[in-house]
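Chemist: need a structure here:
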Amino acid sequence: MRLIDTHTHLDFPDFDADRDELLQRSRGLGVERMVVLGVYQGNWQRLWDLVQSDPCLHAAFGLHPVYLQQHQPEHLSELRDWLQRLAGHPQLCAVGEFGLDYYLDNLDHQRQQALFETQLKLAAEFELPALLHVRRAHAASIATLKRYKLKRAGIIHAFAGSLEEAREYLKLGFKLGLGGAPTWPQALRLRKVVAQLPLDAVVLETDAPDMAPAMHPQQRNSPEHLPDICAALAQLMGLEADELAAASSRNAAELFGWRLETPP
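Modeler: Below is the predicted model of the structure:
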């Protein structure tokens with residue numbers, strides 16, 4: 001099984017004690033590439049230093065809506081500077097993580113929307129995919145994306161919307177990121193949606209250290225868990241695990257412009 005984890009936060013302190021060993025174990029389980037996403041200006045350099053230490057890691061830089069109170073106007077200028085300085089670098093793969101979060105009451109919707117649109121403009125300017133956080137905000141996100149029509153689209157991280165919303169994202173060229181959430185038996189509505197998704201719609205992710213799957217409850221999530229997530233989702237979709245692994249990795253590689261090496 002050959003896998004790509006399209007959404008991790010491996011730069012977080014949760015991994016400081018055993019990051020190198022974890023990466024080695026993950027590769028041994030077939031997780032060949034991992035995307036590490038920035039969430040606020042203060043972690044971009046740490047993230048880039050990590051990615052530069054390992055050719056299997058790829059970076060995305062963004063301003064996450066949950067950290068809205070930390071973001072300053074100059075951080076958008078700094079984000080553009082980062083993207084311009086690293087343009088064309090093989091380990092820069094996207095703008096993200098950014099988007100809209102209507103779940104948390106203390107996050108101003110207008111400020112989120114302005115931040116969302118400015119980062120979409122950056123994704124368009126640098127022709128990079130957008131890795132989007134969308135929580136309880138699918139209608140607003142879809143309406144905004146219809147106005148911007150990104151050339152390279154991107155991924156809706158941790159997709160938990162309806163089948164109708166999934167179809168709207170797919171029309172716009174986006175892939176749907178699936179991880180630990182649909183592995184939980186109590187996620188009945190989401191599991192029904194996932195079972196109906198076409199193979200070319202799906203990429204796999206962990207969101208490590210968050211969103212642990214049902215088979216690893218109350219643990220730090222990790223790219224090591226991606227094979228188990230893949231197997232559980234494949235069963236839900238009526239597929240063999242290898243079939244889902246191959247399709248999801250192909251989808252991710254096409255989105256990010258990577259060449260998948262032919263196995264020996």
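
Chemist: As a check, name the ranges of all helices in this structure.
Modeler: Assignment of helices within the chain using DSSP state H yields the ranges 19-28, 44-52, 73-85, 109-125, 138-148, 163-171, 188-194, 226-237, 241-256.

Chemist: Next one: residue 102 from residue 241, what distance?
Modeler: From residue 102 across to residue 241, the span is 34 Å (CB to CB, to the nearest Å). The C-beta positions use only the backbone N, C-alpha and C, and glycine is treated the same way.

Chemist: ah, wrong one, I meant residue 65
Modeler: Counting by CB to CB, the gap from residue 65 to residue 241 is 33 Å.

Chemist: Show me the shaky parts of this structure.
Modeler: Within the chain, the stretches with pLDDT under 70 are 262-264.

Chemist: For it, which strand extends over the most residues?
Modeler: Counting by DSSP state E, the longest strand found in the chain is strand 92-101.

Chemist: So which bits of that strand are buried?
Modeler: Neighbour counts over strand 92-101 (16 or more other CB atoms under 10 Å) mark 92-101 as buried.

Chemist: Can you list the buried residues in stretch 190-204?
Modeler: In stretch 190-204, counting by 16+ other CB under 10 Å, buried: 190-191, 193-194, 197, 201-204.

Chemist: Farthest pair within those?
Modeler: The largest separation in these, counting by CB to CB, is between 191 and 203 at 17.9 Å.

Chemist: Now do stretch 43-59: everything it contacts.
Modeler: Contact with stretch 43-59 is made by 10-11, 19, 23, 27, 32-38, 61, 78, 82, 86, 91-93, 256, as judged by CB atoms under 8 Å, 6 or more residues apart in numbering.

Chemist: Just the buried subset of those, written out for ChimeraX, thanks.
Modeler: To isolate the buried members of those in ChimeraX, using 16+ other CB under 10 Å:
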select :10,11,19,23,27,32,33,34,35,36,37,38,61,82,91,92,93,256
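
Chemist: check contacts around the closest residue to residue 174 other than its chain neighbours.
Modeler: Leaving out its chain neighbours, the residue that sits closest to residue 174 by CB to CB, 6 or more residues apart in numbering is residue 153, at 4.7 Å. Contact partners of residue 153, counting by CB under 8 Å, 6+ apart, are 129-130, 172-175, 255.
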